[in-house]
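Peer 1: Sequence first, then the predicted structure, then my questions.
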Amino acid sequence: MRILIYSYNYYPEPIGIAPLMTELAEGLVKRGHEVRVITAMPNYPERQIYEAYRGKWYLNEYKNGVQIQRSYVWIRPQPNLLDRVLLDASFVVTSFFPALLGWRPDVILSTSPSLPVCVPAALLGWLRACPVVLNLQDILPEAAVHVGLLKNKLLIKVFAALEKFAYHTATKISVIADGFVENLLSKGVDSQKIKQIPNWVDVNFIRPYPKENNLFRAEHNLKDKFVVLYSGNIALTQGLETVVKAASQLRHIQDIVIVIAGEAKGLQRLQQYCLDCGADNVLLLPFQPRERLPQMLAAADVGLVVQKKNVISFNMPSKIQVLLASGRALVASVPKNGTAAKAVRQSGGGVIVPPEDPQALASAILELYQHPEKLKNLGYHSRQYAVEHYAFEQALNHYEELFYSVTTERQIVESPVISKQEG
């Protein structure tokens with residue numbers, strides 16, 4: 001097949017959707033498919049275009065057999081509401097031309113976020129007469145409204161209309177968690193249109209390496225420490241202030257160190273918060289290069305998943321699969337009825353505590369610190385569950401089957417009806 005992936009985020013961006021879409025595109029190429037990616041100039045999480053890509057309107061690249069067509073976007077490091085609108089609008093406009101002028105795809109995979117991308121993807125699908133699969137990584141605008149990112153009533157209405165348009169025009173909708181399925185069904189989306197495919201992790205790349213002789217521990221003076229790790233986005237849905245407050249309650253135990261790795265601006269904000277809370281047992285570090293991710297994860301005793309109270313059925317952190325694959329115990333400070341809690345509960349590899357409750361989080365960390373056998377047992381179940389349920393090859397099989405099914409259905413619809421006399 002010729003597969004076009006319409007994704008705002010892609011390599012070399014280190015977190016979120018970018019690594020997932022990169023692995024998917026390259027995995028499809030290895031299976032003999034031709035893959036073209038329509039994406040923006042890389043800018044995440046710093047929110048400024050990477051130096052090597054500045055001053056360009058368009059750029060055509062090839063990496064591991066994937067054709068990558070990049071286009072300029074309006075991006076500002078500290079965006080206001082207008083900047084965010086211009087960011088989405090600029091990608092919608094600039095990305096459509098390379099998408100249209102390239103070869104005709106057999107199927108289009110469009111990722112959300114960004115939600116407005118559904119417009120050029122739907123238009124391209126109509127012009128090229130090919131099916132569109134909408135991949136939901138977050139449910140927008142619900143997520144943006146709940147965390148206070150989107151407050152303008154007119155924009156909320158516009159984005160709600162975009163959401164309906166996206167669901168209506170998509171041939172199929174792939175979702176990453178069962179909470180997403182329930183959310184879409186409640187909005188009247190046909191169940192036959194929805195396909196649940198969890199996000200994945202490369203279980204050969206992320207492995208439970210031993211803590212002994214760990215380079216990450218050695219570099220950051222963490223030898224013989226009990227390391228609690230949070231690595232990822234420092235944004236409105238997380239509320240990492242809870243982690244800092246929990247750390248301050250554990251600072252009397254010198255063996256426990258909380259490590260937070262994230263983007264520079266988020267770290268600056270947390271640095272001041274650590275000083276205010278007296279949390280001198282928190283180590284703040286920048287994002288690590290992807291090739292160093294297995295070593296960083298292996299340096300941890302416990303991996304953290306953190307969400308705010310109002311993040312329930314519209315967000316599923318991709319870090320859950322990664323932490324499980326590393327064979328470490330998880331502590332999830334998340335809503336108990338949310339998609340993240342369900343995933344951790346099903347894995348048997350972690351404990352769940354109420355969100356935005358520093359005391360509960362500190363108690364859970366202390367419990368694992370004091371009971372190494374429980375820690376080891378949770379880590380064992382983490383790895384086992386990741387291998388059985390989140391291996392990349394399984395997800396690749398599901399996407400390949402989905403793409404074949406929508407192209408076959410399109411061919412059946414377009415085939416002329418043969419009468420009995422002609423037969």
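Peer 2: Cool, the structure landed.

Peer 1: Strands along the stretch 101-250 of the chain, start to end?
Peer 2: Secondary structure of the stretch 101-250 of the chain (DSSP state E, counting those that start in this stretch): strands located at 107-112, 132-136, 172-175, 194-196, 226-231.

Peer 1: Adding mean pLDDT and distance to residue 364, write those strands out as CSV.
Peer 2: (C-beta placed from N, C-alpha, C; glycine too.) Output for the strands of the stretch 101-250 of the chain, formatted as CSV (pLDDT from 0 to 100; distance: least, C-beta to C-beta, whole Å):
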stretch, mean pLDDT, distance to residue 364
strand 107-112, 96, 33
strand 132-136, 96, 30
strand 172-175, 96, 29
strand 194-196, 96, 29
strand 226-231, 96, 10
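
Peer 1: Could you check how far the nearest residue to residue 107 once chain neighbours are set aside is from residue 328?
Peer 2: Distances taken as C-beta to C-beta, 6 or more residues apart in numbering put residue 403 closest to residue 107, at 4.8 Å, once the chain neighbours are dropped. Separation of residue 403 from residue 328 (C-beta to C-beta, to the nearest Å) stands at 34 Å.

Peer 1: Compare the two and say which one has the larger neighbour count.
Peer 2: Applying other C-beta atoms under 10 Å to residue 403 and residue 328 shows that residue 328 carries more neighbours, namely 26 against 21.

Peer 1: What distance do you get for that one to residue 239?
Peer 2: From residue 328 to residue 239 the distance is 22 Å (C-beta to C-beta).

Peer 1: what does residue 178 give?
Peer 2: 24 Å.

Peer 1: Looking at these two, which one has more neighbours?
Peer 2: The residue with more neighbours, out of residue 178 and residue 239, is residue 239; 19 against 16, by other C-beta under 10 Å.

Peer 1: Quick check: that one touching residue 308?
Peer 2: Yes. Residue 239 lies in contact with residue 308 (C-beta atoms under 8 Å); the separation is 4.4 Å.

Peer 1: Identify the contacts common to the two.
Peer 2: 355-356 (C-beta atoms under 8 Å, 6 or more residues apart in numbering).

Peer 1: before we move on, what SS does residue 381 have?
Peer 2: Here residue 381 is helix, with the state taken from DSSP: H, G, I helix; E, B strand; the rest coil.

Peer 1: which one is it nearest to, not counting chain neighbours?
Peer 2: residue 348 (3.9 Å).

Peer 1: can you give me phi and psi for that neighbour?
Peer 2: Main-chain dihedrals, residue 348, degrees, to the nearest 10: phi 70, psi 10.

Peer 1: can you count the residues close to it?
Peer 2: A total of 14 residues lie near residue 348 under the criterion other C-beta under 10 Å.

Peer 1: Test for you: state the pLDDT assigned to it.
Peer 2: What the model reports as pLDDT for residue 348 is 96.

Peer 1: show me the contacts for it.
Peer 2: 378, 381-382, 385.

Peer 1: Could you pull out the strands in the stretch 301-423 of the chain for me?
Peer 2: So, for the stretch 301-423 of the chain - with DSSP E, counting those that start in this stretch - the strands run 302-306, 329-333, 350-353.

Peer 1: Could you save those as a markdown table and add columns showing mean neighbour count and distance to residue 85?
Peer 2: Below are the strands of the stretch 301-423 of the chain laid out as a markdown table (neighbours: other C-beta atoms under 10 Å; distance: least, C-beta to C-beta, whole Å):
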| stretch | mean neighbour count | distance to residue 85 |
| --- | --- | --- |
| strand 302-306 | 26 | 29 |
| strand 329-333 | 27 | 32 |
| strand 350-353 | 23 | 37 |
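
Peer 1: Of those strands, which is nearest residue 220?
Peer 2: Closest approach to residue 220 among these (C-beta to C-beta): strand 302-306, 16.1 Å.

Peer 1: avg pLDDT for the lengthiest helix in the chain?
Peer 2: Secondary structure of the chain read by DSSP state H shows that its longest helix is helix 392-414. For helix 392-414, mean pLDDT is 87.

Peer 1: what comes up buried for it?
Peer 2: 392, 395-396, 398-400, 402-403, 405-407, 410 (16 or more other C-beta atoms under 10 Å).

Peer 1: roughly how far apart are the residue nearest to residue 381 and residue 77?
Peer 2: In terms of C-beta to C-beta, residue 348 sits 41 Å off from residue 77.

Peer 1: Check residue 261 too.
Peer 2: Taking C-beta to C-beta, one finds residue 261 at 20 Å from residue 77.

Peer 1: Would you map the helices across the stretch 251-400 of the chain?
Peer 2: All helices of the stretch 251-400 of the chain, identified by DSSP state H, counting those that start in this stretch, fall at 264-277, 293-298, 319-325, 339-347, 358-370, 372-389, 392-414.

Peer 1: so where's this structure shaky on pLDDT?
Peer 2: Filtered on pLDDT under 70, the chain yields the residue ranges 143-150, 236-237, 311-315, 410-423.

Peer 1: run the last query once more with 50
Peer 2: Scanning the chain for pLDDT under 50 picks out 417-423.

Peer 1: so what are the domain limits for it?
Peer 2: 2-200+391-414, 215-389 (automatic domain parsing).

Peer 1: Surely residue 263 is in contact with residue 43?
Peer 2: No. If you go by C-beta under 8 Å, residue 263 and residue 43 don't touch, sitting 11.5 Å apart.

Peer 1: Quick check: the gap between residue 356 and residue 265.
Peer 2: Applying C-beta to C-beta to residue 356 and residue 265 gives a distance of 22 Å.

Peer 1: before we move on, what about residue 163?
Peer 2: 29 Å.

Peer 1: Repeat that for residue 357.
Peer 2: For residue 357 relative to residue 265 (C-beta to C-beta), the value is 26 Å.

Peer 1: swap in residue 105?
Peer 2: Shown here: residue 105 relative to residue 265, a distance of 37 Å by C-beta to C-beta.

Peer 1: So which of these two has more stuff around it?
Peer 2: Legend: neighbour count by other C-beta under 10 Å for residue 105 and residue 265, higher for residue 105 (24 against 14).

Peer 1: Tell me who's in contact with the more buried one.
Peer 2: Taking C-beta under 8 Å, 6+ apart as the test, what residue 105 contacts is 2-4, 36, 128, 130.

Peer 1: List just the nearest of these to residue 153.
Peer 2: Nearest to residue 153 among the contacts of residue 105, with distances taken as C-beta to C-beta, is residue 4, at 34.9 Å.

Peer 1: Using the three-state scheme, assign that closest one.
Peer 2: From three-state DSSP, the assignment for residue 4 is strand.

Peer 1: what residues are up against it?
Peer 2: 35-38, 99, 102, 105, 107-109, 124 are the contacts of residue 4 under C-beta under 8 Å, 6+ apart.
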